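J.: Sequence and predicted structure are below.
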Amino acid sequence: MTELTAPNVVASSTRSDRRRRIVQNLLRGERPYMLYIAFVILLVVFSLSSPWFLSVDNFLNIGRQTTLVSIIAVGMTFIIIARQIDLSVASTLALSGMAAALAMSQINNSWIVGAVAGLGTGALVGLINGILTTQLSIPSFLVTLGSLSMARGLAMMVTNTKPVIITNETYFAIFGEGTFLGVPVPIAWTLAAMIVGILLLHYNVFGRRIYAVGGNPTAALYSGINTKRITTAAFVLTGTLAGLAALVLSARSHAARPDVVQGMELDVIAAVILGGCSLFGGRGYILGTLFGSLIIGTLNNGLVLLGVSSPMQLVIKGAIIVAAVAFTKR
């Protein structure tokens, strides 16, 4: 008979405590466990309701549909953890797409010039948002509400609301229509953004400072953290990712339009909050954001397959999101 030694007893006790905590969290409806359960429930319900839902093509379609929200939601995770908000991301995407398309049309149809212009425009809008928020002490809600209108207006003004056609095949292949190791490039860019976000937030000093700024800004300031610089960097990161999303969208549609993705900022914020981020700051994680985005995308896809009308889709999606966030309480 094996005799229990002190290390074995400690290890057994640790495993038992860990299982007990998981069960308690499930019973209390706390994140992240309920998030995973909600996602599985959606998969089961829609797979039983529609014979096309479980196909590989449909899952790839969900991945493509959630690309824009997922990419921008990575940056929004940093902003919300830092106790801020960015309502301008959809307008930033539209403006960045127009900048990329116009740059290519004016400079040798170069996809590199277009990519730099798109990413640079997004970063510039983020920088302006960050500076106004931190240096002038204006609430980010008001700053980004203003930049939402200004960026959209600029996107419409530059071509008098007309779309800009893109003809560069390399641009299409890199950002919209090609594959990378067998994976469609929009999904590959999503995974790349997620990996960079995980490394920055969970394995880098920048991420630790983001948590500190969001958890207790005063304590972070007294500990020597430049809270204004960290907050501004979060806005720049989000703007840059909005620029990347603009490249993906314009490459898929072969054109840049100034009126695209209006209202998408609400889906982005919903994905981040649904994924476990706290609007009070100091809490959140990238993998949760991915699941939040996938839940929204799966919900949209499943309702379409079931033939639910567009108005009813909005009602059902809103009700489920509110119920999910209320159930997985802070």
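T.: Cool, got the structure. Residues are numbered from 1 along each chain as shown.

J.: Once you drop chain neighbours, what's closest to M264?
T.: A90 (4.2 Å; CB to CB, 6 or more residues apart in numbering). The way it works is simple: take the backbone N, C-alpha and C, and place the C-beta from them, glycine included.

J.: longest helix of this structure?
T.: helix 227-253 (DSSP state H).

J.: same for it, what does it pack against?
T.: Applying 3 or more CB pairs under 8 Å, 6 or more residues apart in numbering; DSSP states H and E, one finds that helix 227-253 contacts helix 67-81, helix 89-106, helix 111-135, helix 169-172, helix 185-202, helix 205-215, helix 217-222.

J.: how about those in TSV, adding mean pLDDT, mean neighbour count and distance to G282?
T.: Formatted as TSV, the helices and strands packed on helix 227-253 follow (pLDDT from 0 to 100; neighbours: other CB atoms under 10 Å; distance: least, CB to CB, whole Å):
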stretch	mean pLDDT	mean neighbour count	distance to G282
helix 67-81	95	29	6
helix 89-106	94	27	21
helix 111-135	95	22	18
helix 169-172	92	17	40
helix 185-202	94	19	13
helix 205-215	93	20	3
helix 217-222	88	13	10
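
J.: and the end-to-end length of stretch 161-168?
T.: End-to-end distance for stretch 161-168, by CA to CA, to the nearest Å: 22 Å.

J.: contacting residues around that stretch?
T.: 98, 101-102, 104-105, 109-111, 114, 172, 250-251, 254-259 (CB atoms under 8 Å, 6 or more residues apart in numbering).

J.: need the contact list for L124.
T.: Counted by CB under 8 Å, 6+ apart, L124 has contacts G239.

J.: ok so, going back, pretty sure the residue nearest to M264 contacts V261?
T.: Yes: in this structure, A90 is within contact of V261 by CB atoms under 8 Å, at 4.8 Å.

J.: Now I80. Nearest residue, chain neighbours left out?
T.: Closest to I80 by CB to CB, 6+ apart is C277, at 4.8 Å.

J.: typo on my end, it should be L132
T.: V143 (4.6 Å).

J.: got the contact list for the residue nearest to M264?
T.: Here A90 is in contact with 148, 242, 261-265, 268 (CB under 8 Å, 6+ apart).

J.: I'd like to know which of the residues you listed are buried.
T.: The neighbour-count test (16 or more other CB atoms under 10 Å) applied to those identifies 148, 242, 261, 264-265, 268 as buried.

J.: Throw the residues you listed into JSON lines and include distance to G75, secondary structure and pLDDT, thanks.
T.: Formatted as JSON lines, the buried ones among the contacts of A90 follow (distance: CB to CB, whole Å; DSSP: H, G, I helix; E, B strand; the rest coil; pLDDT from 0 to 100):
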{"residue": "L148", "distance to G75": "15", "secondary structure": "helix", "pLDDT": "94"}
{"residue": "A242", "distance to G75": "7", "secondary structure": "helix", "pLDDT": "96"}
{"residue": "V261", "distance to G75": "15", "secondary structure": "coil", "pLDDT": "88"}
{"residue": "M264", "distance to G75": "13", "secondary structure": "helix", "pLDDT": "89"}
{"residue": "E265", "distance to G75": "12", "secondary structure": "helix", "pLDDT": "90"}
{"residue": "V268", "distance to G75": "9", "secondary structure": "helix", "pLDDT": "92"}
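
J.: Next up, phi/psi of T179, please.
T.: phi -130, psi 150 (degrees, to the nearest 10).

J.: Partner strands of the helix or strand following the longest helix of the chain and their direction?
T.: Next in sequence after helix 227-253, counting helices and strands by DSSP states H and E, comes strand 255-256. Next to strand 255-256 in the sheet, as set by DSSP bridges, lie strand 164-165 (antiparallel).

J.: What is the distance between the strand it pairs with and the centre of its chain?
T.: Strand 164-165 has its C-alpha centroid displaced from the chain centroid by 26 Å (CA atoms, centre = their mean, to the nearest Å).

J.: Name the helix or strand for G288, please.
T.: Going by DSSP H and E, G288 is part of helix 286-305.

J.: Just the C-alpha atoms of the helix or strand just after that helix, please, in PDB.
T.: For helix 286-305, the following helix or strand on the C-terminal side (DSSP H and E) is helix 310-327. Output of helix 310-327 as PDB, limited to C-alpha atoms (Å, rounded to 0.1, in the frame of the first residue of the first chain):
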ATOM      1  CA  SER A 310     -33.300  41.100 -39.800                       C
ATOM      2  CA  PRO A 311     -35.400  43.100 -37.300                       C
ATOM      3  CA  MET A 312     -36.000  40.000 -35.100                       C
ATOM      4  CA  GLN A 313     -32.300  39.200 -35.400                       C
ATOM      5  CA  LEU A 314     -31.400  42.500 -33.800                       C
ATOM      6  CA  VAL A 315     -34.000  41.900 -31.000                       C
ATOM      7  CA  ILE A 316     -32.700  38.400 -30.200                       C
ATOM      8  CA  LYS A 317     -29.100  39.300 -30.400                       C
ATOM      9  CA  GLY A 318     -29.500  42.300 -28.100                       C
ATOM     10  CA  ALA A 319     -31.500  40.300 -25.600                       C
ATOM     11  CA  ILE A 320     -29.000  37.400 -25.500                       C
ATOM     12  CA  ILE A 321     -26.100  39.800 -25.100                       C
ATOM     13  CA  VAL A 322     -27.700  41.600 -22.200                       C
ATOM     14  CA  ALA A 323     -28.800  38.400 -20.600                       C
ATOM     15  CA  ALA A 324     -25.300  36.800 -20.900                       C
ATOM     16  CA  VAL A 325     -23.600  39.800 -19.400                       C
ATOM     17  CA  ALA A 326     -26.100  40.100 -16.600                       C
ATOM     18  CA  PHE A 327     -25.800  36.400 -15.800                       C
END
